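S.K.: Sequence plus predicted model, see below.
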Amino acid sequence: MLLSIITVAFRNLEGIVKTHASLAHLAQADDISFEWIVVDGGSNDGTREYLENLNGIYNLHFVSEPDNGIYDAMNKGIEMAQGKFALFLNSGDIFHQDAAYFVRKLKVQKDNVVQNPAANGSASAIIAVDHFDHRRCAAGFWRRA
C-alpha cells in the first residue's frame, strides 16, 4: 500500500524543513511505503532549491509554480498522487511520532478515512484517493478551523 503525503506551501521554507524532518517518523516503518508530494506556489525564499537538493528522498515529487491558492495547490497534489491513500500535511505541520500506527489502521478497517496522524493539533485525515471528490471536498476540508 502506497501512501501519498501531500504538502502545499508558499514562502514557507522553515515549514518545509520542519515537515520534511517529521517524515522520519514514518520512514522508520519498514512496512509502509510513501511518497512525498510538495506543491509550492512559486516561492522565492529558497523552498525550490531546498527541495531540489533533497534528490528525491522519501520518494519526493514536487512542483514549484504559481497557482490559484491553497485549493488549487491541493488539487494539483491529488492529481500527482500515485498512492491508494493520501494525507494533506501542510508546510509546518509535523507527523506524530506514532504516525505509522495510524497508517497501519488503514489495512484493518473498512472505512476510507483515518483521523489525526499529525502531532501539532492540526486536523488531518488520511483519505482514499479513489473515493475522494477533490473539487467538492477540498474546499470544505480546510475551512473547519
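M.R.: It's in. Numbers count the residues shown, from 1 in each chain.
S.K.: pLDDT on the strand or helix carrying Lys105, on average?
M.R.: Using DSSP states H and E, Lys105 falls within helix 99-108. Averaged across helix 99-108, the pLDDT comes to 76.
S.K.: roughly how far is it from the heart of the chain?
M.R.: Its chain's average C-alpha position is 16 Å from that of helix 99-108, according to C-alpha atoms, centre = their mean, to the nearest Å.
S.K.: Just the buried residues of it, please?
M.R.: The neighbour-count check on helix 99-108 (16 or more other C-beta atoms under 10 Å) flags Ala99, Ala100, Phe102, Val103, Arg104, Leu106 as buried. In short, each C-beta sits where N, CA and C put it, glycine included.
S.K.: the strands in the protein, which residues?
M.R.: Here the chain has its strands, by DSSP state E, at 2-9, 33-40, 60-64, 85-88, 113-115, 125-128.
S.K.: mind giving me CSV with those strands and columns for mean neighbour count, mean pLDDT and distance to His25?
M.R.: Output for the strands of the chain, formatted as CSV (neighbours: other C-beta atoms under 10 Å; pLDDT from 0 to 100; distance: least, C-beta to C-beta, whole Å):
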stretch, mean neighbour count, mean pLDDT, distance to His25
strand 2-9, 24, 93, 11
strand 33-40, 23, 96, 11
strand 60-64, 19, 97, 16
strand 85-88, 25, 85, 13
strand 113-115, 15, 49, 15
strand 125-128, 19, 54, 14
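S.K.: Kindly present those as TSV, with separate columns for distance to Asn53.
M.R.: Shown next, in TSV, are those (distance: least, C-beta to C-beta, whole Å):
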stretch	distance to Asn53
strand 2-9	16
strand 33-40	13
strand 60-64	11
strand 85-88	24
strand 113-115	32
strand 125-128	28
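S.K.: This completes my enquiry, with thanks.
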